[in-house]
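Novice: Here is my input, please return the structure:
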Amino acid sequence: MKIQIVGQANALQKRLLKNVLEALKELGCGCQLEVIEELKEILEFEKHDFICTPALIFNGHILCEGHIWNKDHIKHFLEKAIKEDSG
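Specialist: Numbers count the residues shown, from 1 in each chain. Model (predicted):
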């Protein structure tokens, strides 16, 4: 499973990253995490899918953009995805 956080390093992006890291830690989940902060890379992303940043992307699907999911929401989604992936 791959998680990407897209957005320049600012307060919203940092809070989203913190929430994701806390959710992963609580679940003991070993997802691949990629943080895309460089403007050039963000613009490449936007060529394919217009997104508002910060964005949370899971296995290529945009989960949220332009707002922040809280840790519990992220954790709930990951729990469901892990069950579907293993079952």
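Novice: quick one: low-confidence parts of the chain?
Specialist: Within the chain, the stretches with pLDDT under 70 are 85-87.
Novice: need the helices for it, in chain order.
Specialist: 11-27, 39-48, 71-86 (DSSP state H).
Novice: highest average neighbour count across those?
Specialist: Mean neighbour count (mean count of other C-beta atoms under 10 Å) peaks for helix 11-27 among the helices of the chain, with a mean of 17. Just so you know, the C-beta spots here come from the backbone N, C-alpha and C atoms, and that holds for glycine as well.
Novice: Kindly spell out which helices and strands sit in contact with it.
Specialist: strand 2-6, strand 32-36, helix 71-86 (3 or more C-beta pairs under 8 Å, 6 or more residues apart in numbering; DSSP states H and E).
Novice: Let me have these in CSV, adding distance to Lys47 as columns.
Specialist: Below are the helices and strands packed on helix 11-27 laid out as CSV (distance: least, C-beta to C-beta, whole Å):
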stretch, distance to Lys47
strand 2-6, 13
strand 32-36, 13
helix 71-86, 26
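Novice: how about those, which one is nearest Leu56?
Specialist: Of all those, strand 2-6 sits nearest to Leu56, with 6.1 Å by C-beta to C-beta.
Novice: Tell me which residues are up against that closest one.
Specialist: 13, 16-17, 20, 24, 31-36, 42, 45, 51, 53-60 (C-beta atoms under 8 Å, 6 or more residues apart in numbering).
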